[in-house]
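Undergrad: after the sequence you'll find the predicted model.
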Amino acid sequence: MLMAACDDGDAPPPSATAAGERRDGTSIAFDICVDNTTWTRPPLEEHRALLEQDPRYPVDEDVLAWYDAHFIRDIGSASEDRKYGWAGIWSDERTAFEEACAQPPDVVNPVAAREVVELWLLNYETVAVRDGPAALTVETRSRERGYQVIHFPNPLQEEGTAWGLIRFVDEQGREVAHIGPDDMQERIGRASEVQDLP
């Protein structure tokens, strides 16, 4: 099990808060489920040729949007695997989760139950995760190769909200991408021109 936590000294993990009382900047401990340091996104031509071998899904703009993704929020569905293929992770044959993150088949998936947030970071690594009044913030560091998968407790679950806005920032606090709260439509983020946070 690889465990990482935000640097708050000896502060305990955040306790449950009532709706509307989320604390700005509260650190959230996270598990690193996969930390691949060798993966590279396959060339687009090779990627498209592989996708075209699956007749179930036309290779359209929606499918190719996953190829450009840098951040993905998993929703715990059994069909998620194909979407990681759409993002180019099919070229990594060793996507094995650390024991702390793997779930036995007879247990309800905590990601599907909205108890745990699962994020995939492609060509990025996680520095810290923080809760806040308007969004979860994931501080990241870019890297040339590899990807990470992280798990952390969903701070919104006790408020009756499945997901919230997730902002991905660099180490200077500038936003590089975000994923909106919509379950099905806002699941991927692409790193773009860096924006300063207000």
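TA: That came through, no problem. Because the structure is a prediction, the values reported are computed rather than measured.
Undergrad: low-confidence ranges in the protein?
TA: 1-24, 78-81, 93-96, 157-163, 182-188, 190-198 (pLDDT under 70).
Undergrad: separation between Gly25 and Tyr67?
TA: 34 Å (Cβ to Cβ, to the nearest Å). From N, CA and C alone the C-beta is placed, and that goes for glycine too.
Undergrad: those two - which one has more neighbours?
TA: A direct count of neighbours by other Cβ atoms under 10 Å for Gly25 and Tyr67 places Tyr67 higher, at 17 against 11.
Undergrad: what residues are up against the more buried one?
TA: Tyr67 sits next to 41, 44, 47, 86-88 when contact means Cβ atoms under 8 Å, 6 or more residues apart in numbering.
Undergrad: so where do the helices sit in this protein?
TA: 44-51, 61-65, 80-86 (DSSP state H).
Undergrad: send me the shortest one as CSV with only the CA atoms.
TA: Coordinates of the C-alpha atoms in helix 61-65 are reproduced here as CSV (Å, rounded to 0.1, in the frame of the first residue of the first chain):
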residue,chain,number,x,y,z
GLU,A,61,-15.0,13.1,-31.7
ASP,A,62,-16.4,11.8,-28.4
VAL,A,63,-14.1,8.7,-28.4
LEU,A,64,-11.0,10.7,-29.6
ALA,A,65,-11.5,13.3,-26.9
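Undergrad: hey, what's the spatially most central residue of the chain bridged with?
TA: Among the residues of the chain, the one closest to the centroid is Leu119, at 1.6 Å (Cα atoms, centre = their mean). For Leu119, the residues forming beta bridges with it (DSSP bridges) are Arg73, Ile150.
Undergrad: thinking it is in contact with Arg73, fair?
TA: Yes - contact criterion Cβ atoms under 8 Å: Leu119 and Arg73 qualify, at 5.8 Å.
Undergrad: common neighbours of those two, please.
TA: With Cβ under 8 Å, 6+ apart as the test, Leu119 and Arg73 both reach Ile166.
Undergrad: find the nearest non-adjacent residue to Phe71, please.
TA: Gly189 (3.9 Å; Cβ to Cβ, 6 or more residues apart in numbering).
Undergrad: for the one you found, give its distance to Trp66.
TA: 11 Å.
Undergrad: which residues does the most far-flung residue of the chain relative to its centre contact?
TA: Outermost residue of the chain with respect to the C-alpha centroid, by Cα atoms, centre = their mean, is Pro55; its distance is 27.8 Å. With contacts defined as Cβ under 8 Å, 6+ apart, Pro55 has no neighbours.
Undergrad: over to it: give its phi and psi.
TA: Torsion angles at Pro55 (phi, psi; degrees, to the nearest 10) stand at phi -70, psi -10.
Undergrad: returning to that earlier point: neighbours of the residue nearest to Phe71, just the number please.
TA: Gly189 has 24 nearby residues by other Cβ under 10 Å.
Undergrad: that older thread, any shared contact partners between Gly189 and Trp66?
TA: Contacts common to Gly189 and Trp66, judged by Cβ under 8 Å, 6+ apart, are Ile72.
Undergrad: wait, Glu52 touches Asp60, no?
TA: No - assessed by Cβ under 8 Å, Glu52 is found out of contact with Asp60, at 11.2 Å.
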